[in-house]
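Novice: Make a model of this:
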Amino acid sequence: MNENKKFSISNMMLAFITVLVVIGLVALTGFFLLTPPDDIIMGQAEANQVRISGKVPGRIEMYRFDEGDKVKAGDTLVYLNTPEVLAKLQQAEAVQKAAEAQNAKALKGARAQEIAGAYEMWQKAQAGLEIAKKSYTRVQNLYDKGVMSAQKRDEAEANYKAMVATEKAAKSQYDMAPRDGARSEDKAAAAALVQQAGGAVAEVESYLKESALVSPIDGEVSERFPQVGELVGTGAPIMNITDLNDMWVSFSVREDLLKDIKIGSELNAFIPALDNKPVKLKVYYMKDMGSYAAWKATKTTGQFDSKTFEVRARPQEKIADLRPGMSVVMKKKGNEIL
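Specialist: From the prediction side, this is the model:
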């Protein structure tokens, strides 16, 4: 009887313990099932990129750096073969030389031989005028005495008047021969042509410099587009230089998770590619990504549509081995960023 009683009590204790264990397991399971999981906010490391392109068309003649090579600001990256620009430079230089010669002539004036020739023509015209004047005087005297016909007198008079005009024209040519250069208007025009030609040469030379493209920044060659020998047009991309010293992390965050994310906020995250290395970030940019990135609510839940914001944050210190494209992860539990 006593043994049966003890056995009954033991069974009751065992049942009670079993119930407690079951209740505990149910409660623990409910806790994990009902507790919402942490929100994972994925981001991506990005870096400033500079696209290298030329002002003139040409063929890729030679690359000096391969993808992945480090470059310094001012390093020559690529050479272009631009024969058309060389031809235009020769044309511009020829025009410049012609303008300079014309300007020198305007400043110097007529040559000594030209002045001497004009003077000789004037002296010759003066001598002819003297002869014509004497002939006309003699014929006029004979005409007055009645021994010379009127026709002969008229011919001598016409010849004299013609020589007067010839002498005036010769003297005018001699006087107009520039001894101190051309007129001020001609000098100004010649000087303007020199400036115009010089500007054309400078313009073509600037294009010629574009046949050797240099890096504007320190960085790394991330991409090369055309191959050696390929033709590239004006402004066509040739290569990209990535500035690894100017990096940030870009997140796409649903607006209901933005409570603790503001301009200037500090965020904790980790980088899976670097063995979950922790990193501190500081937010410096936030912008609505537009309606195309909105989270659409279902009518049955009664929720509203949520927009997505692009959030950019910079690491507080330089992170070794961080590369553009690496994932950066934030965890958010409830309203708190972990």
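
Novice: what's stretch 140-149 in contact with?
Specialist: With contacts defined as C-beta atoms under 8 Å, 6 or more residues apart in numbering, stretch 140-149 is touched by 139, 150, 152-153, 156-157. (Glycine included, C-beta is placed from N, CA and C.)

Novice: Ranking by neighbours, what's the top pick from those?
Specialist: If you count neighbours using other C-beta atoms under 10 Å, the busiest of those is A156, which has 22 neighbours.

Novice: before we move on, the earlier item: dump the contacts of stretch 140-149 to a markdown table, plus pLDDT, secondary structure and distance to Q123.
Specialist: Below are the contacts of stretch 140-149 laid out as a markdown table (pLDDT from 0 to 100; DSSP: H, G, I helix; E, B strand; the rest coil; distance: C-beta to C-beta, whole Å):
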| residue | pLDDT | secondary structure | distance to Q123 |
| --- | --- | --- | --- |
| V139 | 76 | helix | 25 |
| A150 | 79 | helix | 33 |
| K152 | 75 | helix | 28 |
| R153 | 77 | helix | 28 |
| A156 | 75 | helix | 23 |
| E157 | 78 | helix | 24 |
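
Novice: Let me know the closest of those residues to V311.
Specialist: Proximity of the contacts of stretch 140-149 to V311 was ranked by C-beta to C-beta; the top entry is E157 with 108.1 Å.

Novice: how far away is that closest one from G128?
Specialist: 15 Å (C-beta to C-beta, to the nearest Å).

Novice: likewise V249?
Specialist: V249 sits 100 Å away from G128, taking C-beta to C-beta as the criterion.

Novice: out of the two, which sits in the more crowded spot?
Specialist: Shown here are V249 and G128; by other C-beta under 10 Å, V249 has more neighbours (25 against 17).

Novice: quick one: contacts for that one?
Specialist: Contacts of V249 by C-beta under 8 Å, 6+ apart are 43-46, 269, 281, 312-315, 328.

Novice: Just the buried residues of those.
Specialist: Those of the contacts of V249 that meet the buried threshold are 43, 45-46, 269, 281, 312-313, 315, 328, by 16 or more other C-beta atoms under 10 Å.

Novice: Can you pick out the most distant pair from these?
Specialist: Maximum pairwise distance among the buried ones among the contacts of V249 (C-beta to C-beta): 14.1 Å, between E46 and A269.

Novice: can you pull out the helices in this protein?
Specialist: Taking DSSP state H, the helices of the chain run over residues 2-34, 83-108, 112-144, 150-176, 184-209.

Novice: looking at those helices, which one has the lowest mean pLDDT?
Specialist: Among the helices of the chain, helix 2-34 has the lowest mean pLDDT, at a mean of 61.

Novice: What would the biggest strand by length in the chain look like as PDB? C-alpha coordinates only.
Specialist: Taking DSSP state E as the criterion, the chain has its longest strand at strand 237-254. Extracted C-alpha coordinates of strand 237-254, given in PDB (Å, rounded to 0.1, in the frame of the first residue of the first chain):
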ATOM      1  CA  PRO A 237      35.700  57.600 -72.600                       C
ATOM      2  CA  ILE A 238      39.200  56.100 -72.700                       C
ATOM      3  CA  MET A 239      39.900  55.000 -69.100                       C
ATOM      4  CA  ASN A 240      38.700  55.500 -65.500                       C
ATOM      5  CA  ILE A 241      40.900  56.600 -62.500                       C
ATOM      6  CA  THR A 242      39.600  55.700 -59.100                       C
ATOM      7  CA  ASP A 243      40.500  57.800 -56.100                       C
ATOM      8  CA  LEU A 244      40.800  55.300 -53.200                       C
ATOM      9  CA  ASN A 245      41.300  58.100 -50.800                       C
ATOM     10  CA  ASP A 246      37.800  59.400 -51.500                       C
ATOM     11  CA  MET A 247      35.500  56.600 -50.500                       C
ATOM     12  CA  TRP A 248      32.100  56.400 -48.900                       C
ATOM     13  CA  VAL A 249      29.300  53.800 -48.300                       C
ATOM     14  CA  SER A 250      26.000  54.100 -49.900                       C
ATOM     15  CA  PHE A 251      22.900  52.600 -48.300                       C
ATOM     16  CA  SER A 252      19.300  52.200 -49.600                       C
ATOM     17  CA  VAL A 253      17.200  52.700 -46.500                       C
ATOM     18  CA  ARG A 254      13.400  52.400 -46.200                       C
END
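
Novice: This completes my enquiry, with thanks.
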